[in-house]
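Chemist: Fold the following.
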Amino acid sequence: MTTGALTTTSFDVLVAAFHDSNGSGTMVPGPGFAVLALDTSSYAMIADQQVTPGSHEATANLPGTTMDACWVASMIALRAR
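Modeler: Purely as a prediction, here's the structure:
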C-alpha cells in the first residue's frame, strides 16, 4: 500500500494513515516510519517519520499473506513553528 508522493520544502514530520476495513491483524509500516497508533481489529495504522526537503512516499504492508483492494492511505507534512 502507498500514499503516493508528497514533496516537502523544509524539515517536516510526515504523518501517514492507512486503513483496511476487510479483516484484522497488524499492519507493518514501510522503511523509515514508526508506528504511532495501531488498531488490529480493522488493519488501521498511523505512522510518522521526520524528513528533509524533497519527495517522500509512505508505504505499509498488510499482515502475512493478506491481499485485498479495500484499503485507503493518506499522508500530511507538519512543520514546527
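
Chemist: all strands of this protein, in order?
Modeler: Secondary structure of the chain (DSSP state E): strands located at 2-8, 12-20, 28-29, 34-39, 44-51, 54-61, 71-78.

Chemist: and those strands, which is most packed in?
Modeler: Looking across these with neighbours counted as mean count of other C-beta atoms under 10 Å, the highest average goes to strand 12-20: a mean of 20. For every residue, glycine as well, the C-beta is placed using N, CA and C.

Chemist: got the angle for that strand vs strand 44-51?
Modeler: For strand 12-20 against strand 44-51, the angle by axes from the mean of the first three to the mean of the last three C-alpha atoms, to 10 degrees is 160 degrees.

Chemist: list the helices and strands strand 12-20 packs on?
Modeler: Strand 12-20 makes packing contacts with strand 2-8, strand 44-51, strand 54-61, strand 71-78 when contacts are defined by 3 or more C-beta pairs under 8 Å, 6 or more residues apart in numbering; DSSP states H and E.

Chemist: All set now, cheers.
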